[in-house]
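# need the 3D shape of this:
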Amino acid sequence: QVQLVESGGGLVQAGGSLRLSCAASGRTFSRYAMGWFRQAAGKERELVASISWSSARLNYGDSVKGRFTISRDNAKNTVYLQMNSLKPEDTAVYYCAAARSQLVFPTFEGDFGSWGQGTQVTVSS
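Purely as a prediction, here's the structure:
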């Protein structure tokens, strides 16, 4: 099992930027794909972005393409989400997640087996 702790959320004005971080511990971070999800009030959780263990493969949700960037530092056991040009509709709780299986790129939410506690991002208009 892996433990995930998110940080970096907060309140920002529309058009602004935030960087989320997720620190992982408990297993070999460098062998597992990672992802960021979000859940807005009254809505289902959705994939924001995912990254393979080597950073060679990236995937983004349509609503964030061109604005958000996922990255990771395997030496620091940390995955990041750089969020630029934020919009009020980006307001949500953001969750970090780790893939269930090593060296497998997750396709579905069920492919992620460990979750952080979430961090709130609020974008004001």
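# use CA for all of it now, contacts and neighbours both
OK.
# who does the host helix or strand of L4 pair up with?
In the assignment (DSSP states H and E), L4 maps to strand 3-7. Note on strand 3-7: by DSSP bridges, its sheet partners are strand 18-25 (antiparallel).
# mean confidence for the partner strand?
Averaged across strand 18-25, pLDDT comes to 97.
# enumerate every residue touching the residue nearest to S50 when sequence neighbours are not counted.
Excluding its sequence neighbours, the residue lying closest to S50 (CA to CA, 6 or more residues apart in numbering) is G35, at 4.0 Å. Taking CA atoms under 8 Å, 6 or more residues apart in numbering, we find G35 in contact with 47-51, 96-99.
# I'd like the distance between G35 and Q13.
25 Å (CA to CA, to the nearest Å).
# could you find the closest non-adjacent residue to the residue sitting nearest the centre point of the chain?
The centroid of the chain falls nearest to W36 when counting by CA atoms, centre = their mean (2.0 Å). Closest residue in space to W36, ignoring its immediate chain neighbours: C96 at 4.7 Å, by CA to CA, 6+ apart.
# got it, and E89?
Excluding its sequence neighbours, the residue lying closest to E89 (CA to CA, 6+ apart) is V123, at 7.5 Å.
# would you list the phi and psi of the one you found?
Main-chain torsions, V123, degrees, to the nearest 10: phi -110, psi 120.
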